[in-house]
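**Student:** Make a model of this:
(chains A and B)
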Amino acid sequence: MSRVRMLGSRLAALFRKGHGEENLDAELRAHLDALTDESIRRGMSPEEAHYAARREFGGVEQTKEAYRQQRGLPFFDALMQDCGFAVRMLAKKPAFTAVAVLTLAVGIGSSSAVFSVVDRILFRSLPYPEEARLVSFGLLAPIERDEFMLGASYVDFRKEPGPFDAITAMAPGSSACDVTEQSPVRLSCAFVEQTFLPTLSIQPILGRIFTKEEDRPSAPRVALLSYSFWKSRFAGDPSVLRKTISLDGTTAQIIGVLPANFEMPTLGAADILLPLALDEDQQHRSAPGSVLRTFARMRPGIGLPQAVAGLQPFFERSLQGAPPEFRKEIHLSVRTLRDRQVADARLVSWLLLGSVLAFCLVACTNVANLLLARAAGRQRELAVRAALGAARGRLVRQVLTESLLLGLFGGVLGCALAVALLRLFISIAPEGIPHLEHAHVDVRVVAFTFAIAFISAVLFGLAPALQCPAPGLLIGKEVRTTARNFLRQTLVSAQIALSLILLAGAGLLLRSLWNLENTRMGMQTENVLVEGVSLGQYRYPKREQQLTFFSELEAHLKRLPGVTSVALTDSLPPSPPARSTIFAAIEVAGRPLLSEGTGGMVGWRAVTPHYFSALGIPIIQGRAFQERDRLPTENVIIVNERLARSLFPNANPIGQQVRLFRDQRPWRRVVGVAADVKNNGLAPDADPEFYLPWKNDPVESLSAAHLIVLTRMHPKAVAGWMRAETSVLDSGLPVNIEAMGRRVSKLADRPRFNAILLSLFAAMGVLLAAIGMYGVVGFIVAQQTREIGVRMALGAMPSRILKMVLLSVARWTISGAALGLLGILLCSRLLESLLFQVRAHDPLLLGLALLILLAVAFLAAWLPARRAMLCDPVVALRYE
Amino acid sequence: MATPRGEVLQGTLDLMVLKTLDALGPLHGYGIAQRIQQVSEDLLKLNQGTLYPALLRLEQRGWITSKWGISDNNRKAKYYSLTRSGRKQLAAETESWERMAGVIARLLRTEGA
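**Tutor:** Numbering: from 1, shown residues only, chains lettered A, B, ... in the order given. A predicted model of the protein is given here:
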C-alpha cells in the first residue's frame, strides 16, 4: 500500500518539479538561518556562524540531490532529459532527420503493408478453436486438386473415424440457390452434415445447429443463415428464428445465425447452410457415391503422421472400390486446414515478406550509415561529455534514445504509409489471394510495425552507439577512423548484396511475366465479348426449358447489329475445360484400350459450330462443326492437335472412329483437328482436349453456359445490347459480361502482382543502395581531403586520385555483389515454381541484374570521387 | 572529543523522527534536528541535511504530513506532524526495535559470560 502511494507521489512530483524546487530551497535556507542565528546567539561572529551552520548541516547541494533522487523517478528523469536532448538534436538538423525518418517510414511502411496481407495466410490462426487439430482429409486423384471422399466409403468411415475426434462432410463447392419469395435474390447455399459446426467447434450466435433428425433425406428443411445475410435481409432481427425462407420453391425453417467471423473451411461463399442429408443406402446403391469434402478434428496429441497412419487401413479398403485404372494414381491425403486454404499462396507470401524485409533492411542500413556519418561529426561533443564524467553507459543510452526516437517517428509515419500502400495492394491484387478482403491495418499490424521500428532502431542505432569516443579528439587531433570506415563499407556491401538479390528476383518474375503475356494463346481475343449465364433450378426446372432459353438467347444475340458470330459453350478458355475424362477411357476403333493407369486427364467442351470462328481457333485438318452436327442423331468429334498426336501418332485423324466414356453410345467420327489453345496456366505445353457439338437435345442440356460474341462494333455498346437482350428473355437473371481480352489477361494477374511488388522493392532497394554508396564515398572523400591535397601537391594526377577512390569502392562493391550472387544461388530455386519458361539461374538475367547494379554503384561513387579529383590542393591542405 | 560520536544507523533515523514528532507535536526540520541531538546528548553524529530526504520519504509513505507555518522567531518554516498511520507505524517499529534490542542485549550478555 505504502509502496503504491510512494510511486504515486513520485509520479506526481514529476509534474510539479519547479514548485518543489523552490520549496526545498526555502526550507533549507530556513534551517541554515536558524543554525546561524543560534551560533550568533552563542557569541560567534556572523561570518563564523555562517560557516559553522554549514558544517553542522553538511553539504547543501548533496542534500538537494539526495532529496531530488527521493522525490522523482531518476530513470524517468534521465529518459526525459535524453528525449528532450534528442528532440533538440534532431530538430537542429531537419534535413538529416527528414531523410532518416522518410527512409525508415518507407521501409517500415512497406513491411507492414505486406505483413497485413500475408499475416492471415501465414501466421494468424484460423477462426476455429484449436485450429491446429483441424485437417482436411481424403483421396487425391488426378481429376481433382483437393482431397475428397466418395459417399459410399464415407458413410462407412464415419462409423469408426480412426484417429479423429470428429469428422464431417459437405457437398463440394456451394451451389447457387434462389430466394423465391418477395424480393428474389440469388444466394450461395452450402450443404453440410449435422456434425459440421461441432467439428469446427463453432456455435451459432443465435438459435441452434441441425439435429440428427433434420440431417435425414426426407426431413423438413431447416436453414442456418450467415451473419452478413442475416444483417442484410433481416436487418439483424433476432425474431428471425420464428421465420421461414423459401429457397428454390421449398420452404425452410430458419433455426440459427452463424457468427460474424465464420468462414467455410473451403473459403467458399455461403449465405445459407442447409443439411447435407446424406442417404446411406442410396450412397451404397450408387457406389462409389457422390463426391464429398471431408474435414476432421484430430484427437488431442496426435500429429499428421499418426493421422495418416491411422487412416491407411481404411484407405486400402476403400481403394478396392475405385475403378482399377485409377488405383495407382490415387493417394491418401491429410493436410492441416491452413495448408489446404493457402495452398500455393504460401510460397508467394514468403517471397513477398522476405523481399520486403530485405528492402527494409536496406533502408535501415542507409539510416545506420547516415547516423555513423553524423556520429563522426559528434565525436568531439561525446568526448567532452565523457571527460566531464558522463558514464559510457549513459552516452550509449543517449545515442540509442536518439535512434529509438527516429524509429518511433519512422514507425508512426510507416503506419500511415502502410494504410495507403495496403489500399494500393488491394486495388491491384488479383483474385484468389486468400483472405485479402479481410486485410487491414489492425492492432496486430500496428504491433508488428512498432516491433519492426524498434528492431530497426536498435540495429541502426547500435553501430554509432558503440563507437567509443577517442580521447585524442579532445585536443583537436583528427583520429584515423579506419575501423568506422570499415563498418560503413561493410554496410554498403550488405546493401549491394541485398539489392542484387531483389533485383535478380524481380528480373526473373518480370521475364516470366513477359513470356506469359507473349505466349501464343492459340485464339484471338480482340473484339470478343463473353457472357456467362446460369439458370436457376427453380425457374428452369426442365431441361427443355434450359435448352430453349439458350437457343433463343443465341438467336437474339445473332440479330444484334455488328455481331459477326455467336457461339455457345459450357466452358471458356483460358480456363481448363469444366468437364474431363481420363485418356484411358477414349477408345479408338480397331485398337485395344489402354490397360495400365489413366493416361492423364483429357478435358472437353461442348460447343456450337461458330465457336471456332468466333474465337479464331484455326481448324488445321478437316472441318469445324456444322449446324447438322447438332442433331441428336449425329455423332462427330473434333480433337485438338495435342490429343490428335497422342491418339493417332502415325495416322490421319480425320475419319477415325472413337468411343468415349466407356458408354454404349455409337462410335463418333473425327471430323476435324483444331489448333491447340492454351488453357493450363503456367505449364509450357497445351493440354489434350476435344470438342463435342452442343446438341439440340434436352438430354445433354446444361443449366449454365457462356455465350461468345464476335463483333465489328465497339464492344462497350454491344455489351449493353447483350444485357438488354438477355433481360428481354428473363429480367431477373444475373448476367456477367466481360471482354475476352480482359479474361485472358487475368491469367497473368497473379504473376503480374508478384512481379510489380518485387520490382518496386528492388527499384527502391537499388535506389537506397545508390544513395548509401553516394553518402559513404562522399564522406570518405571528405575525410581524406587533406591526404588528397598532399598527394596532389606532390604531383599526383587527378585521374590517379579518381582511380584510387574508385578502386577502393570497387573492392567493397564486388564483395557485396559476390555475396549477393551467393544469396541468389541459394534463394532462386525457391522461385522455380513461380516461373514461366525461365530458368531460375538464367545467366543472362543474372548478368543483367549485376550489370545494372554495378553501373548504379559506379555512378553513385563516381560523383563524389570526381569532386575529390577536382579539388584544389591549396584549399585541401588548409582544410581544418 | 572525549566520546566518539556514533554514525546514525540505517533506518533508525526514521524511527527517531517519528518518535520526536510523537513527543513534541508538529515541528520543523530544524526543531527535529535540534531535538534529536539534544536527546542523544551529542553522542550521535547527524548531518542535519540528511534529515530532509528522510522527511520526504516518510511523507511519501504517508506517515507524516507537512504544512507551511511561522516559527517562534517569526520565520517561514515547514512544519511536519505525525499522521494516524504514522502513529501506527511508530508503535510497530518501536516494538520491533525493542525486540531487536532485547535480542542483541541478550546475545551480548551470553557472549560476555
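**Student:** what pLDDT does the spatially closest residue to residue A:367 that is not a sequence neighbour get?
**Tutor:** Leaving aside its chain neighbours, residue A:367 sits nearest to residue A:460 (4.6 Å; criterion: CB to CB, 6 or more residues apart in numbering or on different chains). Using the backbone N, CA and C atoms, a C-beta is placed for each residue, glycine as well. On pLDDT, residue A:460 comes in at 75.
**Student:** give me the number of residues near residue A:408?
**Tutor:** 17 (other CB atoms under 10 Å in any protein chain shown).
**Student:** for the one 5 residues further on, same thing?
**Tutor:** By the other CB under 10 Å criterion, the neighbourhood of residue A:413 contains 18 residues.
**Student:** now swap in residue A:646 and tell me
**Tutor:** Close neighbours of residue A:646, defined as other CB under 10 Å, add up to 15.
**Student:** Could you do residue A:48 as well?
**Tutor:** 13.
**Student:** do the helix or strand containing it and chain B meet at all?
**Tutor:** Under the criterion of DSSP states H and E, residue A:48 resides in helix A:46-57. Yes - remark: helix A:46-57 sits within contact range of chain B at A:56, A:57, by CB under 8 Å from any CB of the partner chain.
**Student:** Quick check: the gap between residue A:103 and residue A:500.
**Tutor:** 20 Å (CB to CB, to the nearest Å).
**Student:** Compare the two (neighbour count), which wins?
**Tutor:** Neighbours were counted for residue A:103 and for residue A:500 using other CB under 10 Å; residue A:500 has more, 30 against 24.
**Student:** need the contact list for the more buried one.
**Tutor:** A:816, A:817, A:820, A:821, A:823, A:824, A:849, A:850, A:853 (CB atoms under 8 Å, 6 or more residues apart in numbering or on different chains).
**Student:** What residues sit buried inside the helix or strand hosting the fifth one?
**Tutor:** Remark: residue A:823 resides in helix A:798-831, with elements defined by DSSP H and E. Applying a neighbour-count criterion of 16 or more other CB atoms under 10 Å in any protein chain shown, one finds A:801-802, A:804-806, A:808-809, A:812-813, A:815-817, A:819-821, A:823-824, A:827-828, A:831 buried in helix A:798-831.
**Student:** For stretch A:159-167, which outside residues touch it?
**Tutor:** A:133, A:157-158, A:195, A:198-199, A:294-300, A:302, A:306-307, A:309-311, A:314.
**Student:** picking up where we left off before, average pLDDT for the helix holding residue A:48?
**Tutor:** For helix A:46-57, mean pLDDT is 86.
**Student:** list the helices and strands that helix packs on?
**Tutor:** helix A:17-41 (3 or more CB pairs under 8 Å, 6 or more residues apart in numbering or on different chains; DSSP states H and E).
**Student:** Packing partners of the helix it packs on?
**Tutor:** Partner elements for helix A:17-41 (3+ CB pairs under 8 Å, 6+ apart): helix A:46-57, helix A:60-71, helix B:29-39, helix B:51-61, strand B:76-82.
**Student:** Tell me, how many residues neighbour the residue nearest to residue A:263 when sequence neighbours are not counted?
**Tutor:** Among residues not flanking residue A:263 along the chain, residue A:127 sits closest, at 6.3 Å (CB to CB, 6+ apart). Neighbour count for residue A:127, taken as other CB under 10 Å: 14.
**Student:** Could you do residue A:666 as well?
**Tutor:** Neighbour tally, residue A:666, other CB under 10 Å: 10.
**Student:** ok, now which ones touch it?
**Tutor:** By CB under 8 Å, 6+ apart, the neighbours of residue A:666 are A:635, A:659.
**Student:** With the one 3 residues further on instead?
**Tutor:** The contact partners of residue A:669, by CB under 8 Å, 6+ apart, come to A:635, A:636, A:637, A:655, A:656, A:657.
**Student:** I'd say the third one and residue A:667 touch.
**Tutor:** Spelled out, it's residue A:637. No - in this structure residue A:637 lies outside contact range of residue A:667 using CB atoms under 8 Å: 9.7 Å.
**Student:** counting contacts, what elements does the helix holding residue A:823 pack onto?
**Tutor:** helix A:345-377, helix A:482-517, helix A:749-783, helix A:785-793, helix A:843-870.
**Student:** In JSON lines: those helices, plus distance to residue A:688.
**Tutor:** Below are the helices and strands packed on helix A:798-831 laid out as JSON lines (distance: least, CB to CB, whole Å):
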{"stretch": "helix A:345-377", "distance to residue A:688": "28"}
{"stretch": "helix A:482-517", "distance to residue A:688": "21"}
{"stretch": "helix A:749-783", "distance to residue A:688": "25"}
{"stretch": "helix A:785-793", "distance to residue A:688": "72"}
{"stretch": "helix A:843-870", "distance to residue A:688": "32"}
